[in-house]
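**Student:** using only what follows, build the 3D model:
(chains A, B, C and D)
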There are 2 protein chains.
Amino acid sequence: MADSRRATTPSPSTKERILDAAEELFAQRGFAGASLRQVTSKAEVNLAAVNYHYGSKDKLIEEVFRRRLDTLNSQRLDALAALHDDATLEDVLEAYIRPALELSREQHGGGAFIRVLARAYAEHDNQLRQFLSEHYGNVLKQFAQAFAARLPTLDKAELYWRLDIVTGALTYAMANFGIIQRRPDISEAQHLEQATQHLLHFAAAGLRSA
Amino acid sequence: MADSRRATTPSPSTKERILDAAEELFAQRGFAGASLRQVTSKAEVNLAAVNYHYGSKDKLIEEVFRRRLDTLNSQRLDALAALHDDATLEDVLEAYIRPALELSREQHGGGAFIRVLARAYAEHDNQLRQFLSEHYGNVLKQFAQAFAARLPTLDKAELYWRLDIVTGALTYAMANFGIIQRRPDISEAQHLEQATQHLLHFAAAGLRSA
DNA sequence: CCTATGCTCAAACGATCGTTTGACACATGT
DNA sequence: ACATGTGTCAAACGATCGTTTGAGCATAGG
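**Tutor:** Presented below is the predicted three-dimensional model:
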């Protein structure tokens, strides 16, 4: 009893361990830079397991995205739906930003996926961008509506430009790319919380600007 | 006479053609994703030329950065030095942002280096970050002073956080990563000019925020 | 008991990677 | 004329890449 299996998949360990290891290594070395041998070695599974469970390296990359992006998207939409009509612009911004922060916190390695996401933005021309916009477009649209309702004087095109800027700053800040390095005397979680507060404040001012 | 040679280097063509090709391919496929064979093929030089002129692939990557970063830095500092004492916050921001825009414009391929720079931010742990901060730290410091003079009520730590956010948004926007794709009826240059204006406006509001 | 199915394993496939080698062409200085 | 130094070239080095193979294990269904 309670053998820790999920309902559909017979094996709990191998398939997900590959995903975890891949996420961390992709964040660290990039998609081309991390080899399947490194992934399977870190996951402590056989090399052939990747192609057996996922078919190819490209499919594995897609799965790394799908797993996190699905929950990130639904958390964002849930947080948005939980807001009352009198919610402020900051509240909407927080519904957008905080799930990304939580995602950065929960991982053992610490925010690997956000860095993977930033890598994906850099992969400029290929199918990954299309994959992202498919799994992401409706979220952006719903948030754009919520923002628009709180910024009645801002026209549509201008709003989308600003949201794009917010997304860029968010990705950059969450992925810890900046010159500001985490001070050793504060925890990673505290650092991310600080980044979130600064980002939220900055973005609100930028969005509201006349 | 005027054989287009530089003073020290006897050959003008091969060495720089490698740099151009490498810059474009690194932007497209990343550092690990672009092979030296692809680079030398695009540059129409022999494969061994890379190791002859640069020693290794890593050194080549460094050179790609050094070439552009030197001019970008000096252009930014020149633009900053050209400002009068009564220059506004927007003026300082423009001195910071516009050289990056110009860099995006001048290239034949169109802004390849900014995308390479964004790739470098994603290469999180290695020596490249140190290399960047060495060639970049003093620029940031000088601009921070200029900003601080125009934002007397803002404390130092808060300012650096905000500048970090600005840099992230700038990189992201200039590298064309966003969901906003360039409309086919406007030129790349116009698109970048628009991005600059939006970014400048947004960043000024964010920096000024109480 | 036998057979099917799901999964793991070591081993190997051909392709491609960064790097090195040695021969060769060409210019320069004595 | 000869020696020297600089750059280019085809070819090859061993290492590592993504992927495939076929044997071997376990468990479940009949």
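**Student:** whichever helix or strand A:Lys59 is part of packs against which elements?
**Tutor:** Following DSSP states H and E, one finds A:Lys59 within helix A:57-81. Counting contacts by 3 or more CB pairs under 8 Å, 6 or more residues apart in numbering or on different chains; DSSP states H and E, helix A:57-81 packs against helix A:14-29, helix A:36-43, helix A:48-54, helix A:89-106, helix A:112-122, helix A:127-134, helix A:137-150. Where C-beta positions appear, they are placed from N, C-alpha and C, glycine not excepted.
**Student:** the fifth one versus helix A:127-134: what angle between them?
**Tutor:** Orientation of helix A:112-122 against helix A:127-134 (axes from the mean of the first three to the mean of the last three CA atoms, to 10 degrees) gives an angle of 110 degrees.
**Student:** just checking, what packs against helix A:112-122?
**Tutor:** So helix A:112-122, by 3+ CB pairs under 8 Å, 6+ apart, packs with helix A:14-29, helix A:57-81, helix A:89-106, helix A:127-134, helix A:156-174, helix B:112-122.
**Student:** and the longest one, anywhere near DNA strand C?
**Tutor:** No. Under the criterion of CB under 7 Å from any atom of the strand, helix A:57-81 makes no contact with DNA strand C; the nearest approach is 12.2 Å.
**Student:** roughly how far is the worst-scoring helix or strand of chain A on mean pLDDT from the heart of the chain?
**Tutor:** Ranked by mean pLDDT, DSSP states H and E, the weakest helix or strand in chain A is helix A:127-134, scoring a mean of 76. A distance of 14 Å separates the centroid of the chain from that of helix A:127-134, by CA atoms, centre = their mean, to the nearest Å.
**Student:** quick revisit: which of the helices and strands packed on helix A:57-81 is buried the deepest?
**Tutor:** Greatest average neighbour count among those goes to helix A:112-122 (a mean of 24), per mean count of other CB atoms under 10 Å in any protein chain shown.
**Student:** between helix A:57-81 and that helix, find me the angle.
**Tutor:** Here helix A:112-122 points in a direction 110 degrees away from that of helix A:57-81 (the same axes, to 10 degrees).
**Student:** residues of chain A that sit close to DNA strand D?
**Tutor:** A:Ala34, A:Ser35, A:Leu36, A:Arg37, A:Gln38, A:Leu47, A:Ala48, A:Val50, A:Asn51, A:Ser56, A:Lys57, A:Asp58.
**Student:** ok, now which ones touch the last one?
**Tutor:** So the one you mean is A:Asp58. Neighbouring residues of A:Asp58 by CB atoms under 8 Å, 6 or more residues apart in numbering or on different chains: there are none.
**Student:** let me have the helices and strands packed on helix A:57-81 in TSV, extended by distance to B:Thr153.
**Tutor:** Listed next are these as TSV, based on distance: least, CB to CB, whole Å:
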stretch	distance to B:Thr153
helix A:14-29	38
helix A:36-43	49
helix A:48-54	54
helix A:89-106	21
helix A:112-122	32
helix A:127-134	40
helix A:137-150	26
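**Student:** mind checking those for the one nearest to B:Thr171?
**Tutor:** Nearest to B:Thr171, of all those, is helix A:112-122, at 10.1 Å by CB to CB.
**Student:** what's the mean pLDDT across the closest one?
**Tutor:** Helix A:112-122 shows a mean pLDDT of 86.
**Student:** same question, stretch A:199-208
**Tutor:** Averaging pLDDT along stretch A:199-208 yields 96.
**Student:** does it reach chain B?
**Tutor:** Yes. If you take CB under 8 Å from any CB of the partner chain as the test, stretch A:199-208 does meet chain B, through A:Leu199, A:His201, A:Phe202, A:Ala203, A:Ala204, A:Ala205, A:Gly206, A:Leu207, A:Arg208.
**Student:** so the fifth one sits right up against A:Val92, yeah?
**Tutor:** So that's A:Ala204. No. Using CB atoms under 8 Å, A:Ala204 makes no contact with A:Val92, being 9.4 Å away.
**Student:** could you dump the helices and strands packed on helix A:112-122 to JSON lines with distance to B:Arg183?
**Tutor:** What follows is the helices and strands packed on helix A:112-122, written out as JSON lines (distance: least, CB to CB, whole Å):
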{"stretch": "helix A:14-29", "distance to B:Arg183": "32"}
{"stretch": "helix A:57-81", "distance to B:Arg183": "27"}
{"stretch": "helix A:89-106", "distance to B:Arg183": "25"}
{"stretch": "helix A:127-134", "distance to B:Arg183": "16"}
{"stretch": "helix A:156-174", "distance to B:Arg183": "10"}
{"stretch": "helix B:112-122", "distance to B:Arg183": "20"}
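**Student:** how far does stretch A:77-95 stretch from start to finish?
**Tutor:** Start-to-end span of stretch A:77-95 (CA to CA, to the nearest Å) is 8 Å.
**Student:** again with stretch A:128-144
**Tutor:** Terminal residues of stretch A:128-144 are spaced 23 Å apart (CA to CA).
**Student:** any residues touching that stretch, and which ones?
**Tutor:** A:61-62, A:65-66, A:69-70, A:73, A:76-77, A:80, A:92, A:95-96, A:120, A:123, A:159-160, A:163, B:179.
**Student:** using ChimeraX, make a named selection holding only the buried ones among those.
**Tutor:** ChimeraX command restricting the contacts of stretch A:128-144 to the buried ones, with burial defined by 16 or more other CB atoms under 10 Å in any protein chain shown:
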select /A:61,62,65,69,73,76,77,80,92,95,96,120,123,159,160,163
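**Student:** where in chain A is pLDDT low?
**Tutor:** Low-confidence segments of chain A (pLDDT under 70): A:1-12, A:107-110, A:124-126, A:178-179.
**Student:** what residue lies at the spatial centre of it?
**Tutor:** Centroid-nearest residue in chain A: A:Ile114, 4.5 Å away (criterion: CA atoms, centre = their mean).
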